[in-house]
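Peer 1: Need coordinates for the below:
(chains A and B)
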Amino acid sequence: MAVKINHLKKIYNGKTIFEDVNLEFHDQGIYCLMGASGSGKTTLMHILLGLVHEDGGSIEYPAGTRWSAVFQEDRLCEGFSAVENIGMVTGKEMSKAEIIRMLKKILPPEAIAKPVKDLSGGMKRRVAICRAMLAKSDIVIMDEPFTGLDEATKQKVVAFILENLKGRMLILSTHYMSEVNMLQGEIVHFIK
Amino acid sequence: MESKRIKLIKRVAVILFWILIWYIAARIIHKSIIFVGPIDVVHSLARQVLTKEFWITIAYSMSRIGLGFITAFIAGAITGMLGYRFKILKDLLEPVIVLMKSIPVASFVILALIWIGSANLAVLVGFSIVFPLIYVNTIAGLSNANSKLLEMAQVFKVSGWSQFKYIYRPALLPFLISGCKTALGMCWKSGIAAEVIGVPAKSIGERLYMAKIYLNTADLFAWTIVIIVLSALTEKLLIYLLNKLL
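Peer 2: Predicted coordinates:
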């Protein structure tokens, strides 16, 4: 499994966000996109996820590739619990007990059954990360996943990600070298 | 924060205040043909409530108005969902909905009376009032679904049923409840108005019509209170059911 980005170009409202982006991601790799704010990292991720169309160039990846993601915003169903939010994407492939067992690794037990709207920002982030990791996918995309997490929690979450990656490709965006080191990822400089 | 008990006392006090005003107004006017007081209305209600006919009348009107509401609710919700999904259907239905919303109830009642007679008049009139309201609110509620969550569902390939349960349903419910409250009140009003015009036997409309013919203002007031109570009770039941079932 490989993802190849060829001469990718994106224009938004008449303004070129990026052009001639050429990148290659390989199976089992952990790639950390680094670049200034506004360089188009989020847009690139949205193109990869099929949410935004490119204005030039192409992206190649095997047909039937399944994606999971942590968006810049948590994008959780606020009225439902963490378990329900994850159950929504795992379907029948994962039992409720199994979801709870996994959630307990990164979330306090009392937070698991509460509606997500009652959780703190950091807790919501962890639910979003857990959702992306537990969903059946071939490639995991994460847009600044550790926002709002303290150092100790970040380490716990990184361990959780590495434990559950199970050979999948991970592409994430970050501004911090410490996060790259924790993940032992490969830096991909994203410049316009 | 006010306790529930204080709130209840306040509410009862407000109601008692207006009943007192009503009583004083009736005493001042002192003409039972024009205006009756609360005591006369209670007498009228007490006299009727023990008769079998009273309950048959209520059952008759409730069944007709209820049938009109339920069929319109189901049809409005399903058509609304289809209209949201298929724009061509929404465009096709738009003039029909505008027509249904703007046609005067009285004109429609007379037309419906010619078409189907008086027995099921309230069903058709209720339907014509409720359908456009539920249809419009269903489309508005579904359109209000969070687009970012829908994108998330697209990425994770969430099933259609789960998308409805977790994303569309929370967006739809407030619109549907608000639409139902308005629609149910209007369904009662228009349904009873249709009965007064069509005068089907054993209906609340017939009772109101008779009260008018015999200038029995106490009965008129009593049946009006019965309609208000029935409307409020059915609204509470409906909201309860919507929250339970959806």
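Peer 1: Residue 111: neighbour count?
Peer 2: With no chain named, the answer covers chain A. For A:Ala111, the count of nearby residues is 19 (other CB atoms under 10 Å in any protein chain shown). Where you see a C-beta, it was placed from the backbone N, CA and C, and this is true even at glycine.
Peer 1: Let me rephrase: I mean chain B.
Peer 2: 14.
Peer 1: Residue for residue, what is the longest helix chain B has?
Peer 2: If you go by DSSP state H, chain B has its longest helix at helix B:52-85.
Peer 1: Contact partners for the most centrally placed residue in chain A?
Peer 2: Nearest residue to the geometric centre of chain A (CA atoms, centre = their mean): A:Met142, 1.9 Å. By CB atoms under 8 Å, 6 or more residues apart in numbering or on different chains, the contact list for A:Met142 reads A:Ala69, A:Val70, A:Ile129, A:Ala132, A:Leu170, A:Ile171, A:Leu172, A:Ser173.
Peer 1: re earlier: please identify the buried residues of the longest helix of chain B?
Peer 2: Going by neighbour count (16 or more other CB atoms under 10 Å in any protein chain shown), the buried part of helix B:52-85 is B:54, B:57-58, B:60-62, B:64-69, B:71-73, B:76-77, B:79-81, B:83-84.
Peer 1: which other helices and strands contact it?
Peer 2: Judged by 3 or more CB pairs under 8 Å, 6 or more residues apart in numbering or on different chains; DSSP states H and E, helix B:52-85 is in contact with helix B:87-102, helix B:121-143, helix B:169-198, helix B:204-213, helix B:217-245.
Peer 1: Go ahead and flag the most central residue of chain B.
Peer 2: In chain B, the C-alpha nearest the mean C-alpha coordinate belongs to B:Leu184, at 1.7 Å (CA atoms, centre = their mean).
Peer 1: surely it meets B:Glu235?
Peer 2: Yes - counting by CB atoms under 8 Å, B:Glu235 is a contact partner of B:Leu184 at 5.2 Å.
Peer 1: low pLDDT regions in chain B?
Peer 2: Along chain B, segments meeting pLDDT under 70 span B:1-2.
Peer 1: Next to chain A, which bits of it? Give me the list.
Peer 2: In this structure, chain B approaches chain A at residues B:148-149, B:151-152, B:154-159, B:162, B:165-167, B:170, judged by CB under 8 Å from any CB of the partner chain.
Peer 1: Among the residues you listed, which lie within helices?
Peer 2: Counting by DSSP H, those contribute B:Lys148, B:Leu149, B:Glu151, B:Met152, B:Gln154, B:Val155, B:Phe156, B:Ser162, B:Pro170 to helices.
Peer 1: Highest neighbour count among these?
Peer 2: Counting by other CB under 10 Å, top hit in those: B:Met152 with 28 neighbours.
Peer 1: Just confirm that one contacts A:Asp74, I think it does.
Peer 2: No - between B:Met152 and A:Asp74 there is no contact, the gap being 9.4 Å when judged by CB under 8 Å.
Peer 1: how near is the residue nearest to A:Glu179 when sequence neighbours are not counted to A:Val158?
Peer 2: Excluding the flanking residues, the one nearest A:Glu179 by CB to CB, 6 or more residues apart in numbering or on different chains is A:Phe146, at 5.8 Å. According to CB to CB, to the nearest Å, A:Phe146 stands 8 Å off from A:Val158.
Peer 1: swap in B:Gly76?
Peer 2: Distance of B:Gly76 to A:Val158, computed by CB to CB: 51 Å.
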